[in-house]
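# whatever this is, show me its structure:
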Amino acid sequence: MSLQFHGRSGYFSALARGGLACAVTAVLAGCGERDRLTFPVEDPGDGVGPFTTITRPDAGDTLVDAGEPFVLEGYTTDHDGVDSVFFAVAGAGVVYPPLAGASADSVRFAIQLPTADLRGDTIFVRVFAVDQLGDPGRAALRQIRIR
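Numbers count the residues shown, from 1 in each chain. Next up, the predicted model:
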């Protein structure tokens, strides 16, 4: 009686062929679509744009006399830093350039609106800001009727 086991003929060659099949399968599976690597951002921000409010006039619909100097005032704030404040004025024939926020957390603004020769007209003002990360905020609106 012999306690030695004799290896099967062709055992290792069959194992090599099976290993090759596994390697080919792994390579083909790796060539498929896969998730991309992402790296954390130091300060991703809050994803919300600046909060803008108009403090003067404090009502959404305001009546002013023609010829009186009228100044619209307000502020915008954002913890990510304010990049720019934009003014859209319709009905007054004026255009205001954006106000640079210089990355400040809060920016105050004031623009003078013409009222001379506009008796019976209405001026619509829209003010909004964009933060340093490019997130736009909601606009503050005012309607100024001139009598």
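
# buried set for stretch 77-95?
77-78, 80-87, 89, 91-92 (16 or more other CB atoms under 10 Å). The way it works is simple: take the backbone N, C-alpha and C, and place the C-beta from them, glycine included.

# where in the chain is pLDDT low?
1-44 (pLDDT under 70).

# show me where it has its strands.
51-56, 61-64, 70-77, 82-90, 99-100, 106-113, 122-131, 140-146 (DSSP state E).

# quick one on the thing from earlier: got the buried residues of stretch 77-95 as JSON lines, with distance to residue 50 columns?
Output for the buried residues of stretch 77-95, formatted as JSON lines (distance: CB to CB, whole Å):
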{"residue": "77", "distance to residue 50": "6"}
{"residue": "78", "distance to residue 50": "4"}
{"residue": "80", "distance to residue 50": "8"}
{"residue": "81", "distance to residue 50": "9"}
{"residue": "82", "distance to residue 50": "5"}
{"residue": "83", "distance to residue 50": "9"}
{"residue": "84", "distance to residue 50": "10"}
{"residue": "85", "distance to residue 50": "8"}
{"residue": "86", "distance to residue 50": "11"}
{"residue": "87", "distance to residue 50": "14"}
{"residue": "89", "distance to residue 50": "19"}
{"residue": "91", "distance to residue 50": "25"}
{"residue": "92", "distance to residue 50": "24"}
